[in-house]
Structure formats: structure tokens, C-alpha cells
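# please find the sequence and the predicted model below.
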Amino acid sequence: MPDQILGYVLLGAAVLAFAAIVATAARGREQPPLHPPPGVHVPSGSWLPVIWAVGGGLLGAGLAFKPDDQAAAWWFLIPALGVIVVGAILSVRTAGREWRETEHGSHDEGSGHH
Amino acid sequence: MSAQAPTRRQGGFPIPLVGMLLFISSEVMFFGGLFATYFSARASFAGAWGPPSGAPELEILPVPLPITLILLSSSLTMHWAVRAIGRGDSGRLRLWLVVTLGLGLLFLAGQVYDYTTLGFGISDGVYGTVFYTLTGFHGAHVFGGVVGLAILTARAGQGQFSARNHVAVEAVSYYWHFVDVVWVALFTTLYLLG
């Protein structure tokens, strides 16, 4: 087995062992409440990081896997830019919704600082 | 710390800014690795270090120096944007954000144009690989900053920032200043030190 593969296997085993220790330590502990108490604003879960990752990944693929005679692979770049534009629009809409909740909502009237 | 922890302590450092500083710290490590690669390749390279034979030497004119000044100027306008919203001046915030966004786009356009005049590609030897890797990753970060600035500009247009409520503007400004500093280091390394 090449040294590099052995190294990756050992690294993976160490990561899994660490995850198992953390999961074991967290078991049985009191879980945090699903909703924050009044006065605390916690952003909700979001698909935006996934959308950004897909857009960035397509962009990188468009620059890396290109024909020799072209500056970029347009069949990657055009969808990438589309995903990034969608991500930007959704980010603005999400930020706007959270801003309205923070400024005018019921669960955070004092610490709104976006 | 549980979910009950406040997102921001009164008078304390906003947690989103802490997050941005941690992210920038990881980026420092990332670019540190790239610079280490450059200097390692340069130190162990047999022969004259520089663009491959047949390609012209790197010059700071007509493109690299002007786009450096453009990026430095954009840091200044970003700083003015933060100061403007700190005073509650939303109009000036929008103005300086649009100017910063335009300067960022100008930098990217200049870098793309510069690539077309270099006369060597990423596959042309060790120098070509490390040159395009360093400047390309920096350009990707500038692109990310431009997207962030575009989002900020749209949000500013909707009046979502105030003197009390503008931590997103500060966070993006931190990032923008960081990519500016990285470019100064890149420009010095690649174009001045050679």
C-alpha cells in the first residue's frame, strides 16, 4: 500500500474516532430548545450554503476542465453564473426577511444588528 | 454555549464579525500555503526563475500597477461606506458601495485582460502554474467579494442598514480589505521582487 494511501486511511480513521468520541460525549445531554427565547435572534436553517457551494463548484469546474482552445468551459460557466445569481437573489430576500423579523418581529426587539 | 446564548453581547464584539475574522484567519492559512509553494518552487528551481522562454518579462505597466491602484482605491471607498452608515447616512453608503463594486469589477476585467497579454499559460512550467494558481485564487476571492458587495448594495437599496444595524457591511469590508492586502503581497512578490 503506498504511503499516501496509508496516510489518508489513518487520517480518516482518526477523524471517525474523534467523531465517535464527540457523539458519545454528547449523548444523553440536554438538547437546546428548538426555538430561541424572546429577545434572541437566531437565523433559521438555510439551503443557501449548498447553493453557493454548487455555484462555486461549477465555476471552478468551468475553469479547470476546459478545452485547450478555450478560456473556459462555457457549459459549466453559464449554469454556474445562473446558480450564483439565484444564490445572490435568495440571499438578499432571506436577509430582508430576517431584517424585518429582527427590526419589527416579536422575538428580537433589542439586539438587531445585521 | 447553547442556542440560548445571545447573538450579540451589549457593548461586545458582534459575533458575525468574529465569524468573519475566523474565516479570514483560515484564508490567511490558505494563501500562506500558496505563498510557501511559490517560494519553495522558486528556491528549488534549476535555472532562471521567471516566465517561460519566449514569453515577455512581467511588467507593472500597463495593467498590473493600475489595477493595483484600483483595488487600493476600492478599500478606501469601502471604508468610506462603513463610515457613512456609521453616521446613519444611507445615501452615501449606497454611493460608496456602488463605487467599490465598480472598482472591483474593473480590477477583475483588468486581470482577465492581463492574462491575455502574458504570453504563457498555467501549463507552461512551474512558474506558469504557481503564477496562475496564486493570481487565479486571488481573483476568485475578489469575485466572491464582488458578489458580496452586490448583495450589500441590493440590501442597502432596500434600506436594510442603519447606524445601529450594519454588521454585514462591516463584515464584507473586513473581507474586502483582506483581499486587498493579499493582492499587495502578490503584486510585490510577483511583479516587484520578480
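Looks like it came in fine.
# other SSEs contacting the strand or helix carrying residue A:96?
Using DSSP states H and E, residue A:96 sits within helix A:74-104. Helix A:74-104 sits against helix A:48-64, helix B:125-157, with contacts defined as 3 or more CB pairs under 8 Å, 6 or more residues apart in numbering or on different chains; DSSP states H and E. Glycine gets a C-beta too; all of them are placed from N, C-alpha and C.
# the first one: which residues count as buried?
In terms of neighbour count (16 or more other CB atoms under 10 Å in any protein chain shown), helix A:48-64 has its buried residues at A:51-52, A:54-56, A:58-59, A:61-63.
# any residue of the lowest-mean-pLDDT helix or strand in chain A touching chain B?
In chain A, the helix or strand scored least confidently by mean pLDDT, DSSP states H and E is helix A:3-26, which has a mean of 85. No - counting by CB under 8 Å from any CB of the partner chain, chain B has no neighbours in helix A:3-26; the shortest distance is 12.2 Å.
# ok so, going back, which of the buried residues of helix A:48-64 sits closest to residue B:103?
Closest approach between the buried residues of helix A:48-64 and residue B:103, by CB to CB: residue A:59, at 21.6 Å.
# related to what we said a few turns ago, next, the angle from the helix holding residue A:96 to helix A:48-64.
160 degrees (axes from the mean of the first three to the mean of the last three CA atoms, to 10 degrees).
# mean confidence for helix A:74-104?
Averaging pLDDT along helix A:74-104 yields 88.
# quick one: it to chain centroid distance?
13 Å (CA atoms, centre = their mean, to the nearest Å).
# verify the contact between residue B:100 and residue B:179 for me.
No - using CB atoms under 8 Å as the test, residue B:100 is too far from residue B:179 to be in contact (11.8 Å).
# which one of the helices and strands packed on helix A:74-104 has the poorest average confidence?
Mean pLDDT is lowest for helix A:48-64 among these, at a mean of 89.
# buried stuff in the helix holding residue A:96?
Within helix A:74-104, the residues scored as buried using 16+ other CB under 10 Å are A:76-77, A:79-80, A:83-84, A:87-88, A:91-92, A:95-96, A:98-99, A:101-102.
# you'd agree residue B:177 is up against residue B:76?
No - with contact defined as CB under 8 Å, residue B:177 does not reach residue B:76; the gap is 10.1 Å.
# what's the least confident helix or strand of chain A packed up against?
So helix A:3-26, by 3+ CB pairs under 8 Å, 6+ apart, packs with no helix or strand.
# which parts of that helix are buried?
For helix A:3-26, using 16+ other CB under 10 Å, no residue counts as buried.
# for stretch B:152-168, same thing?
If you call a residue buried by 16+ other CB under 10 Å, then stretch B:152-168 has these buried ones: B:152-156, B:160-161, B:165-168.
# could you dump that stretch to CSV, C-alpha only?
C-alpha atoms of stretch B:152-168 as CSV (Å, rounded to 0.1, in the frame of the first residue of the first chain):
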residue,chain,number,x,y,z
LEU,B,152,-24.9,44.5,0.2
THR,B,153,-25.8,47.1,-2.5
ALA,B,154,-29.1,45.5,-3.1
ARG,B,155,-29.8,45.4,0.6
ALA,B,156,-28.7,49.0,1.0
GLY,B,157,-31.1,49.9,-1.7
GLN,B,158,-33.9,48.4,0.3
GLY,B,159,-32.9,50.4,3.4
GLN,B,160,-31.8,47.5,5.5
PHE,B,161,-28.9,49.2,7.1
SER,B,162,-28.8,51.9,9.8
ALA,B,163,-26.2,53.4,12.1
ARG,B,164,-27.1,50.8,14.7
ASN,B,165,-27.7,47.9,12.3
HIS,B,166,-24.9,47.3,9.8
VAL,B,167,-22.7,44.5,10.9
ALA,B,168,-23.0,42.8,7.4
